[in-house]
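1. Would you be able to build a 3D model of this:
(one chain, ligands or ions: 1)
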Amino acid sequence: MDGHWWQSGVLYQIYPRSFQDSNGDGVGDLNGIRQRLDYLTQLGINAAWLSPIFLSPMRDFGYDIADHCAIDPVFGTLADFDLLLKDMHSRGIKLILDFVPNHTSNEHPWFRESRSSRVNPKRDWYIWRDAASDGAPPNNWLGAFGGSAWEWDETTGQFYYHAFLKEQPDLNWRNPEVRAAMHDVLRFWLERGVDGFRVDALWHLMKDEHFRDNPPNPAFRPEQAGLERLLQLRSADQPEIYDVVAELRRVLDAYPDRLLIGEIYLPIERLVTYYGKDLSGAHLPFNFQLLNTAWGAQQIANIVAEYESALPPGGWPNWVLGNHDRPRIATRVGGAQARVAAMLLLTLRGTPTLYYGDELGFEQAVVPPEAVQDPWEKQEPGLGLGRDPCRTPMSWDRSLNAGFSPGRPWLPPASDCLRRNVETLASDPNSILNLYRRLLAFRARSNALRMGDYTAVSAENGVFIFERRAKSERLAIALNLTHEPRRVNLPKAFERILISTLVAKPVASVTGEVNLRPDEGIILAAGRESDRRDAETASQ
Ligand code: NOJ
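-> Numbering: from 1, shown residues only. Here you go, the predicted model:
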């Protein structure tokens, strides 16, 4: 029944700089994560994805890699990594690494060589172009963090291309040597036993062969990031990408049961093409629809329907509620609806990815100007694009810096961390943390939630209702997306409330009609009397 671990399991993203500091330097590290494995076990997640932990000048906090096979000293050593992996595996938790193939750091030895002369054997490992006849960059492509995507290099008199910071030159994936070298990076970690990769900026790897201009975006608004001035039609998402992804997949497939996730910000119909022909591509092209949708019953029902019908045959769905690049869900939808979002994430069909801190109801933190770290905020200030507010330290208890670090944290802890921390929330049965634990524990027992079918029931009056079903287990999920009470009709068969987002012990029995409180979501069961046990254990 259970399919692969990455189908039935729940993924949890850890931003290593902010999870737990073990050596007092104010930055989280691998030993810190290892100290907190009990927490992950109690929470009930199945796999942890770590944002990059490799040697890096940290211009983009690890997404600028100077050596793909070395751990940055700020995070620890390779021995620390091996120990972490071993301890996670002994608890049955899988480890997923971030793989950043689109670019390296400008301090990577490959780039140093490449930029040293036009005839260096690694010249073609990166993307070098002559200036236009008037000395301007070769085309109009823009960097994701502002400004031109081309940087002039005095030494060799050419421009190099960087989709992100100028300190992150793009690799040339049309060069077979680059592909081979990056495949070796994957094998290095696969041999050590990692269970999979989240591939950074996967849709960027292939650019237009002729480097034609991107067309203007007619819908651009000045409050948007500069990148949005153009439609990224030529600079990414080219047809040649599918071979590249299939090759990555083949590298993984030489090892048993490894997972390939793709970070892909594209509309649904483009996103699903990354499953590849005959599912030869990414197992899970990350589905970010919940990060952008307007928060309403109809809108959410629509994106679920659109996504479900766009999936290729056999393509496994997935849902993401937050990550280190996007505003926190609790700020986007409000604290009350963050609980409904938790229930939605953990009851939709497909693999859920949960972002650290969201289980505590973390809001966007206030980061004063002098504390800003994120290069995007520095390059395009004042637009609210900065990502520091969703990357602040995890709050563990009521001690100094909420137990994150005895030193000065690299980003300030959340202002409400004395109230909103693991220790405090764990002792309150009605807390969002305990709601997450209940939902995760129930999901682990429920075939219908892990692997069952999905059927939309209705999206009226601000209430989204759907069913999940596997063999005799039948569940209804009713989510009140409004701040008002709602009375809803359900098929008669659903008589027992198993979980409510609002109260630890909901009234168990209902008949046909249910009164939902404001901002309440519930899971109801139909079916055999013996399932009643679920109701009892779920509310414990
Ligand atoms: C996507 C990552 O999630 C983001 O944090 C990073 O800045 C860019 N890719 C560049 O690697």
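2. Please work out the average pLDDT along the helix of greatest length in the chain.
-> Scanning the chain for the longest helix, with DSSP state H as the assignment, gives helix 176-192. Helix 176-192 carries an average pLDDT of 98.
3. moving C-terminal of that helix, what's the next helix or strand?
-> strand 196-199 (DSSP states H and E).
4. Can you show me the helices along the stretch 401-540 of the chain?
-> With helices called from DSSP state H, counting those that start in this stretch, the stretch 401-540 of the chain shows them at 422-426, 432-445, 447-451, 532-538.
5. Name the residue of the stretch 301-450 of the chain that lies nearest to the ligand.
-> The nearest approach of the stretch 301-450 of the chain to the ligand comes at residue 325, 4.8 Å away (CB to the nearest ligand atom). All C-beta spots, glycine's among them, are computed from the backbone N, C-alpha and C.
6. List the residues that contact that residue.
-> Shown in contact with residue 325 (CB atoms under 8 Å, 6 or more residues apart in numbering): 387, 390.
7. likewise residue 467?
-> 453, 454, 455, 457, 474, 475, 476, 477.
8. Just the buried ones among those, please.
-> The neighbour count (16 or more other CB atoms under 10 Å) marks 454, 457, 474, 475, 476, 477 as buried among these.
9. Grab the nearest non-local neighbour of the third one.
-> Which is residue 474. In space, residue 474 comes closest to residue 526 once its chain neighbours are excluded; the distance is 4.4 Å by CB to CB, 6 or more residues apart in numbering.
10. For the one you found, give me the pLDDT.
-> We note a pLDDT of 91 for residue 526 in this prediction.
11. need the contact list for it.
-> 474, 475, 476, 491, 493, 494, 495, 496.
12. Export those as TSV, with columns for distance to the ligand and pLDDT.
-> Formatted as TSV, those follow (distance: CB to the nearest ligand atom, whole Å; pLDDT from 0 to 100):
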residue	distance to the ligand	pLDDT
474	38	96
475	33	97
476	36	97
491	42	86
493	43	89
494	40	92
495	44	90
496	41	93
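13. what's the farthest-apart pair in those residues?
-> 491 and 496 (13.1 Å; CB to CB).
14. Look at these two and report which has more neighbours.
-> The residue with more neighbours, out of residue 491 and residue 496, is residue 496; 20 against 13, by other CB atoms under 10 Å.
15. quick one: that one and residue 508 touch, right?
-> Yes - using CB atoms under 8 Å, residue 496 is in contact with residue 508, at 5.5 Å.
16. quick revisit: contacts for the longest helix of the chain, please.
-> 68-69, 81-82, 85, 97, 99, 101, 110, 125, 171-173, 197, 244, 247-248, 251-252, 254-255, 258.
17. can you check stretch 114-134 too?
-> For stretch 114-134, using CB under 8 Å, 6+ apart, the contacting residues are 106, 110-111, 113, 137-138, 150, 152-153, 155-156, 158-161, 169-172, 175, 177-178, 207, 211.
18. can I get the CA coordinates of it in CSV?
-> C-alpha atoms of stretch 114-134 as CSV (Å, rounded to 0.1, in the frame of the first residue of the first chain):
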residue,chain,number,x,y,z
SER,A,114,37.7,29.6,-16.3
ARG,A,115,38.2,33.3,-15.8
SER,A,116,42.0,33.1,-15.9
SER,A,117,42.3,33.1,-19.7
ARG,A,118,40.2,32.6,-22.8
VAL,A,119,42.1,29.4,-23.6
ASN,A,120,41.9,27.8,-20.2
PRO,A,121,40.5,24.2,-20.5
LYS,A,122,37.7,25.3,-18.2
ARG,A,123,36.8,28.4,-20.1
ASP,A,124,33.7,26.8,-21.5
TRP,A,125,32.6,25.5,-18.2
TYR,A,126,30.9,28.8,-17.6
ILE,A,127,29.0,31.1,-20.0
TRP,A,128,31.3,33.7,-21.6
ARG,A,129,30.2,36.1,-24.3
ASP,A,130,31.6,39.2,-26.1
ALA,A,131,30.1,42.6,-25.5
ALA,A,132,27.6,44.0,-28.0
SER,A,133,29.1,46.3,-30.6
ASP,A,134,28.4,49.3,-28.3
